[in-house]
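Trainee: Fold the following for me, if possible:
(one chain, ligands or ions: 1)
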Amino acid sequence: MAAKQTDAIATPASYDPLLENYPGAGWQLPDSYWSATTDIAADSGVLSQQEAADVAIIGGGYTGLATAYYLAKTFNLSCVVLEANQAGWGCSGRNGGFALKAGGRMGYQAMINRFGLAGAQAMFNETFAGLRRLRELIDDERIDCEPQADGHLWVAHKPAMMETAKSEAELLKRAFGYETELLSSEALAQRYFKSPEAAGALRFPDGFGLHPMKLMQGYVQMAMRQGIKLYRASPVIHWESVEGRHVLHTPQGSVTAAKVVCATNGYTSPKLHKGLTNRTFPVLSNVLVTAPLSDAQLAETGFKTNQIITDTRTLRYYYRKLPDNRILIGGRSAITGKDALNPRHDEMLVDSLQRKFPALEQIGIDYKWGGWVCVTYDDLPHVGQLPDDSSVFYAMGYGGSGVSFSLQAGWRLAQQIAGDKEVPPLPFYNQPLKKFPFAPFRRMGQRMLYQYFHLRDEYK
Ligand SMILES: Cc1cc2nc3c(=O)[nH]c(=O)nc-3n(C[C@H](O)[C@H](O)[C@H](O)COP(=O)(O)OP(=O)(O)OC[C@H]3O[C@@H](n4cnc5c(N)ncnc54)[C@H](O)[C@@H]3O)c2cc1C
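Mentor: Model prediction:
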């Protein structure tokens, strides 16, 4: 099964969201394991006329389609989704497929320090609701996206990190009544997998792996069943206001709407809307998928699990065994689009794979790709309205944990747009995206932090 990409144009490898006005117009899906194993669902084609809708949504990833789905299904509003390339071209078709009980990058202790225990508990419950919502949606809408059994192993990459894992387990129990399980390196090897780097692990009972591009196609089909128009190869290249309504222009058409949603996340151009400029930071992450493991390699690595795995590094690696016995591993990459094709970034991932699993020294790498994760100044996702234009909405900044939270964000955003008062007063929803101070120097800061975190992760 291969994705059909008949009219698509190759994506320039050096694409950089901070430098471009929009991501492309009909660019191909990345050459990923996900696109190679997905049948692409039908959309509404390229926009080549004038359209009108209650809500126009920019961005055809999980956020855009989840928002459209709830707006149409629950609130009976008409929606048009404009996607520059095709649904899932952004992070939603590039991620590792880890459905996590998380949203954003802020740790639980930081949440408690910042918002108090009750505030942190409410945020904890909201991210949990996102994960549950995703499982339920997959079941209810019968989305064939290979959901795996629950379980997330947080692996101590050196003995000292077992203390950190222990404190996290205590914090989760004390603050949220959440039970986890500490595993020695022997228990990890006996029950899950063997790795000379693993000093043990903390196992969270929740979180699961899935096929992200098949999930995306499930979203497309759900949207089409609701009568939503989803246009591919239709980037918003010009945005104007005419008689109090928004008019979004694409290369061949336009959409007029009372409300607009920016669901562009890590692919948000600084030029899209001035209310969003310098309020998000795109950070590149790379993924590799190996050839299927042979029986001997399976025996040597002792893999008995398809549960999702991350390590305790600040610059963490995420990895898992896919249902067809390949290993997927991802981690940080280049800082700029220009440097994205430098082979040293993939070499770093291969090196990490081999340190974790020396038995895979000779294994072939069948697929590699990358994508732009969206980071915010306060490490939290934000879902809401622009302060100086209440008819423009956004949901972004999941910081590498958006597979489940984007669905919850889509639901909350649809509620806000429809004027439903039931949105809980959480910082995700009632605090705006903050501007990065010294925005032009963000990448310089990122470079320095990468060096510092690398030294701390590996040598301290
Ligand atoms: C390599 C990688 C691995 C990841 N792994 C995980 C993981 O395992 N678990 C997890 O929870 N999260 C993960 N994430 C993050 C997760 O994939 C994202 O948070 C999530 O997919 C965001 O969905 P979205 O719909 O908000 O944005 P996207 O899916 O990025 O969609 C944004 C879309 O907007 C479009 N767009 C931008 N500008 C315009 C315009 N002007 N006109 C029209 N369209 C436009 C883009 O083409 C793009 O398709 C990962 C991300 C990456 C890059």
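Trainee: Tell me which residue lies nearest the centroid of this structure.
Mentor: Most central in the chain under C-alpha atoms, centre = their mean is G402, positioned 3.6 Å from the mean C-alpha point.
Trainee: How about the contacts made by that one?
Mentor: G402 sits next to Y62, T63, C91, S92, N95, G103, N265, C374, P381 when contact means C-beta atoms under 8 Å, 6 or more residues apart in numbering. Using the backbone N, CA and C atoms, a C-beta is placed for each residue, glycine as well.
Trainee: so where is the stretch 1-150 of the chain shaky, pLDDT-wise?
Mentor: 1-7 (pLDDT under 70).
Trainee: Enumerate the positions of stretch 436-447 that are buried.
Mentor: Across stretch 436-447, burial judged by 16 or more other C-beta atoms under 10 Å covers F436, R442, Q446.
Trainee: among those, which are in helices?
Mentor: Counting by DSSP state H, the members of these that fall within helices are R442, Q446.
Trainee: Let's verify the residue nearest to the centre of the chain: helix, strand, or coil?
Mentor: Classification of G402 using DSSP: H, G, I helix; E, B strand; the rest coil returns coil.
Trainee: So for it, what's the pLDDT?
Mentor: Looking at G402, its pLDDT is 97.
Trainee: Break down the stretch 351-460 of the chain into its helices, ranges please.
Mentor: Under the criterion DSSP state H, counting those that start in this stretch, the stretch 351-460 of the chain contains helices at 405-418, 427-430, 442-459.
Trainee: likewise the stretch 201-350 of the chain?
Mentor: Going by DSSP H, counting those that start in this stretch, the stretch 201-350 of the chain shows helices at 212-225, 295-301, 343-356.
Trainee: Mind telling me which residue of the stretch 251-400 of the chain is nearest the ligand?
Mentor: G371 (2.7 Å; C-beta to the nearest ligand atom).
Trainee: contacting residues around that residue?
Mentor: P30, G90, C91, R94, N95, G266, L284, S285, V287.
Trainee: For it, give its distance to G96.
Mentor: Plainly put, G371 is 10 Å away from G96 if you go by C-beta to C-beta, to the nearest Å.
Trainee: what's the overlap in contacts for those two?
Mentor: V287.
Trainee: Outline the domain layout of the chain.
Mentor: Domains of the chain are assigned by automatic domain parsing as 20-146+207-273+377-460, 152-205.
Trainee: Just name the most buried of those.
Mentor: Ranked by mean neighbour count, the domains of the chain are led by domain 20-146+207-273+377-460 with a mean of 20 (mean count of other C-beta atoms under 10 Å).
Trainee: Between its first and last residues, how far does that one reach?
Mentor: End-to-end distance for domain 20-146+207-273+377-460, by C-alpha to C-alpha, to the nearest Å: 39 Å.
Trainee: Next, see if that domain gets close to the ligand.
Mentor: Yes: using C-beta under 6 Å from any ligand atom, we find that domain 20-146+207-273+377-460 touches the ligand at 22-23, 58-64, 82-85, 89-92, 94-98, 100, 235-236, 263-267, 272, 398, 400-403, 406.
Trainee: what about the closest residue in space to L298 that isn't next to it in sequence, how many neighbours?
Mentor: Of all residues not flanking L298 in the chain, N325 sits nearest, at 6.5 Å (C-beta to C-beta, 6 or more residues apart in numbering). Around N325 there are 16 other residues, counting by other C-beta atoms under 10 Å.
Trainee: Tabulate the helices of the stretch 201-350 of the chain (CSV), appending mean pLDDT.
Mentor: Listed next are these as CSV, based on pLDDT from 0 to 100:
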stretch, mean pLDDT
helix 212-225, 98
helix 295-301, 97
helix 343-356, 95
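Trainee: Output those as JSON lines; include the columns distance to L386.
Mentor: What follows is those, written out as JSON lines (distance: least, C-beta to C-beta, whole Å):
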{"stretch": "helix 212-225", "distance to L386": "24"}
{"stretch": "helix 295-301", "distance to L386": "49"}
{"stretch": "helix 343-356", "distance to L386": "35"}
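Trainee: which one of those helices lies closest to L18?
Mentor: helix 343-356 (17.8 Å; C-beta to C-beta).
Trainee: Report the closest residue of the stretch 351-460 of the chain relative to the ligand.
Mentor: G402 (1.9 Å).
Trainee: what about that residue, distance to K229?
Mentor: 24 Å.
Trainee: swap in T180?
Mentor: For T180 relative to K229 (C-beta to C-beta), the value is 44 Å.
Trainee: And Q190, by the same measure?
Mentor: 53 Å.
Trainee: Same question for I417.
Mentor: Distance from I417 to K229, by C-beta to C-beta: 17 Å.
Trainee: same question, Y377
Mentor: In terms of C-beta to C-beta, Y377 sits 34 Å off from K229.
Trainee: likewise A263?
Mentor: Taking C-beta to C-beta, one finds A263 at 15 Å from K229.
Trainee: How about A118?
Mentor: For A118, the distance to K229 - C-beta to C-beta - is 42 Å.
Trainee: just K304 next, same as before
Mentor: With C-beta to C-beta as the criterion, K304 and K229 are 46 Å apart.
Trainee: before we move on, what about G400?
Mentor: Taking C-beta to C-beta, one finds G400 at 30 Å from K229.
Trainee: just Q221 next, same as before
Mentor: Following C-beta to C-beta, the distance that separates Q221 from K229 is 14 Å.
Trainee: for H211, same thing?
Mentor: 26 Å.
Trainee: Likewise for E126?
Mentor: 30 Å.
Trainee: Likewise for H249?
Mentor: Applying C-beta to C-beta to H249 and K229 gives a distance of 16 Å.
Trainee: Format the buried residues of stretch 436-447 as JSON lines; extra columns: pLDDT.
Mentor: Below are the buried residues of stretch 436-447 laid out as JSON lines (pLDDT from 0 to 100):
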{"residue": "F436", "pLDDT": "95"}
{"residue": "R442", "pLDDT": "93"}
{"residue": "Q446", "pLDDT": "94"}
